[in-house]
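> Please find the sequence and the predicted model below.
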Amino acid sequence: MKVLVSAMLLAFTFFLALGSTVAQAETIQATLTGYEEVPSVSTGASGEFRGFISRNDDSITYELSYSGLEGTVTQAHIHFGQRSVNGSIVVWLCQTATNPSPVVSTPLCPTSGTVTGTITAADVIATSTASQRILAGELAEVIAAIRAGAGYVNVHSTPLTTGGEIRGQIRASAKR
């Protein structure tokens, strides 16, 4: 009987801890279209970005799906920039052999489909526009920008839309 009670107490504690971690995850999301690009792109392509900011803000787990690209995918990123403004890359979401990421752990981009990963401080690169002032490793700054509405995801393709074929502003939701 003691063993059964101990096992039930241990299981309850495990599920309570798991539930509190999940309950504190913050969802982020973006719908990608050509109309969000700057300048806008007329394309049949579309995409979806979903992520979860960890409870202690030390990682973002993400899933990026896209299809219908009219060009060949070359790379996908999170950029630091408000709606209708181009900004610097701060995180690579996927790479290709022709456009490798400066972060070796970046997953490969599929031609079409879904790529997943986890972003940590090690994945954040310095903004190429010095005045934007996000330095390599500053995940807290990237998360703050996303929460403020100043982060977007885009998928680049070639040869027609090297600046990006689809893009979506990231929206943060309440912690769940």
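Looks like it came in fine. Numbers count the residues shown, from 1 in each chain.

> Span of stretch 59-78 from start to end?
End-to-end distance for stretch 59-78: 14 Å, by Cα to Cα, to the nearest Å.

> so what's the most centrally placed residue in the chain scoring on pLDDT?
Centroid-nearest residue in the chain: Tyr62, 5.4 Å away (criterion: Cα atoms, centre = their mean). The model reports Tyr62 with a pLDDT of 98.

> Now the residue nearest to it when sequence neighbours are not counted: which helix or strand?
Using Cβ to Cβ, 6 or more residues apart in numbering and skipping the chain neighbours, the partner closest in space to Tyr62 is Gly51 (3.8 Å). C-beta here means a position set from N, CA and C on the backbone, and glycine is covered the same way. Using DSSP states H and E, Gly51 sits within strand 46-53.

> Which helix or strand lies directly C-terminal to that strand?
Heading towards the C-terminus - elements assigned by DSSP H and E - strand 46-53 is followed by strand 60-67.

> how about the following helix or strand past that following strand: buried residues?
Next in sequence after strand 60-67, counting helices and strands by DSSP H and E, comes strand 72-80. Residues 73-80 are the ones in strand 72-80 that count as buried (16 or more other Cβ atoms under 10 Å).

> which element follows strand 72-80 toward the C-terminus?
Counting by DSSP H and E, the next helix or strand C-terminal to strand 72-80 is strand 88-94.

> what residues are up against the closest residue to Cys94 other than its chain neighbours?
Once flanking residues are discounted, Cys94 sits nearest to Cys109: 3.7 Å by Cβ to Cβ, 6+ apart. By Cβ atoms under 8 Å, 6 or more residues apart in numbering, the contact set of Cys109 is 73-76, 94-96, 115, 155.

> Spatially, which two of the residues you listed are the most separated?
Thr74 and Val115 (13.3 Å; Cβ to Cβ).

> what about Thr161, is that helix, strand or coil?
Following DSSP: H, G, I helix; E, B strand; the rest coil, the label given to Thr161 is coil.

> Quick check: the gap between it and Gln95.
Thr161 is 17 Å from Gln95, where distance means Cβ to Cβ, to the nearest Å.

> And for Thr74?
Taken as Cβ to Cβ, the span from Thr74 to Gln95 is 9 Å.

> Same question for Asn86.
From Asn86 across to Gln95, the span is 20 Å (Cβ to Cβ).

> These two: which is more packed in?
Counted by other Cβ atoms under 10 Å, Asn86 and Gln95 do not tie: Gln95 has more neighbours, with 21 against 15.
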